[in-house]
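1. Take a look and give me a structure for this.
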Amino acid sequence: TNEVGGYLFPTVPSGTYDIRIHKEGFASFTRRDVEVKINDVSRSDVTLQVAAVSESVEVTAQPGTLQTDRAEVRAEVTSQQLRNLPIPPGRNYQQLFKLLPGFTPPTNRHSSSVNPSRALSFNVNGTSNQSNNVRIDGASAINIYLSRVAAYVPALESIETVDVVTNAFDAEQGLAGGAAINVQMRSGTNELHGALFEYHDNNHTKAKPFFNPPGARNPKAVFNQYGATIGGPIKRNKLFYFTSYEGTLERRTGATFATVPTAAIRGGDMSASPRPVYDPLTGTTDGSGRTAFAGNVVPRSRFDPIVQKLVALTPVPTFPDSLTSNYYATAPFGFDRQSVDAKVNWYASDKFNMYGRFGLFKHNIRDQQVFGDLGGPGIRTGDPRSFGYTYTTT
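-> Residues are numbered from 1 along each chain as shown. This is a model prediction of the structure:
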């Protein structure tokens, strides 16, 4: 301790500790199960009693204390909550932010091809959803292109705890105006531990889409998520490892509405339109003096051969009585994701420790185009194919 009896251990890793204090002429003091959390001050004030050396005082439980060492407003999603609370398919830890004060319910933003990690968007205390900052073991994980979502979402089984600060930030919580979110990844211990898991969801648990055509069946939707974790010692009390793998396989029937020419329009008959269709070979270059086709019907002699080939490739309407949104397109959709997280902790001495962490996320999307060989956007995501990798290191 210093000259006034104060003590501080700023580099202690998070965990549960016992505090033991010995001083000649005073009774020994022991306080058990002191919890140390990330981005927090665990204060433990001790008063030693004058006594014989053989006497000791042991505290096995203590009431909760107010946070008086920092002014920030903070909350925490604990490992117990991550393990035991129900989370929707996809098992994203950000779903639990709806339990924290000041958060709007987190929602999915953007398509799978733009946001393959399926990170969620949320507002905190009325601020913009672009003013939040997510750190994983201290390294920022914000998507630079879409700052409203995180670029990397670790597997749920690989997370130890999530600390959230929503007001009165300390200087170390920079780059945030709404919430500073600190995700701590799990570490290995002296005991070998691991887990296997698999989760399944399908279209039998879902309501029929409102805009499905009459008589259409509930479209296919199969979601499987599986993986494993393992952690333990490389060298007892000194070197530890932890690694996790998570795979996600999503198989769906993609569906969307598009607009295609009706049978009459394909034949050049646009008489159903109240607007005149002008002959492009008439009039001047500025558009004046044009002559409309008689009855808004384009003669077949004026059809370009290339246009006729495109018309032959264009699907016919599934709702022939409608001019717009008259084609209902369906096709298989596949979305595969794999993520690996690995962490190594080295306790070189009582005063020096360090860790290294690596995360890899790979995705592959297969989406059919609306008009088949004719092209068009992907039926489900807008992009007919997307694949890529995301890396994160600490």
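2. Any figure for the gap between the closest residue to Arg300 other than its chain neighbours and Val298?
-> Distances taken as Cβ to Cβ, 6 or more residues apart in numbering put Gly268 closest to Arg300, at 6.1 Å, once the chain neighbours are dropped. Where C-beta positions appear, they are placed from N, C-alpha and C, glycine not excepted. According to Cβ to Cβ, to the nearest Å, Gly268 and Val298 sit 4 Å apart.
3. Repeat that for Pro209.
-> For Pro209 relative to Val298 (Cβ to Cβ), the value is 37 Å.
4. quick one: which of these two has more around it?
-> Comparing Pro209 with Val298 by other Cβ atoms under 10 Å, the one with more neighbours is Val298, at 16 against 10.
5. got the residue ranges for the strands in the stretch 151-300 of the chain?
-> In the stretch 151-300 of the chain, the segments counted as strands under DSSP state E, counting those that start in this stretch are 159-167, 180-185, 193-202, 221-235, 239-258.
6. can you pull the contacts of Leu85?
-> Leu96 (Cβ atoms under 8 Å, 6 or more residues apart in numbering).
7. ok so, going back, which one of the strands of the stretch 151-300 of the chain has the most crowded surroundings?
-> Among those, ranked by average contacts under mean count of other Cβ atoms under 10 Å, first place goes to strand 180-185 (a mean of 23).
8. Work out the gap between that strand and the centre of the chain.
-> Remark: strand 180-185 is offset 13 Å from the chain centroid, using Cα atoms, centre = their mean, to the nearest Å.
9. Adjacent strands (with direction) for it?
-> strand 133-136 (parallel), strand 159-167 (antiparallel) (DSSP bridges).
10. Quick one: closest of those to Ala75.
-> strand 159-167 (4.9 Å; Cβ to Cβ).
11. tell me the pLDDT at the residue nearest the centre of the chain?
-> For the chain, the residue nearest the mean C-alpha position is Ala119 (2.0 Å; Cα atoms, centre = their mean). At Ala119, the model reports a pLDDT of 93.
12. Begin at 522 from now on, thanks
-> Yep, numbering from 522; the last one is Ala640 now.
13. looking at it, it is touching Gln616, isn't it?
-> No: between Ala640 and Gln616 there is no contact under Cβ atoms under 8 Å: 11.1 Å.
14. circling back: ok now do the residue nearest to the centre of the chain, which residues does it touch?
-> By Cβ under 8 Å, 6+ apart, Ala640 lies in contact with Asn613, Gln615, Arg630, Asn664, Val670, Ala671, Ala672, Tyr673, Val674.
15. can you rerun that using 10 Å?
-> 613, 615, 627, 629-631, 655, 662-664, 667, 669-674 (Cβ atoms under 10 Å, 6 or more residues apart in numbering).
16. before we move on, what about Pro531?
-> Pro531 sits next to Val562 when contact means Cβ under 10 Å, 6+ apart.
17. what about stretch 900-915, start to end distance?
-> Separation of the first and last residues of stretch 900-915 by Cα to Cα, to the nearest Å is 38 Å.
18. whoops, I mixed them up, stretch 667-677
-> End-to-end span of stretch 667-677 (Cα to Cα): 22 Å.
19. how far does that stretch sit from the chain's center?
-> Centre to centre, stretch against its chain (Cα atoms, centre = their mean), the figure for stretch 667-677 is 4 Å.
20. I appreciate the help and will end here.
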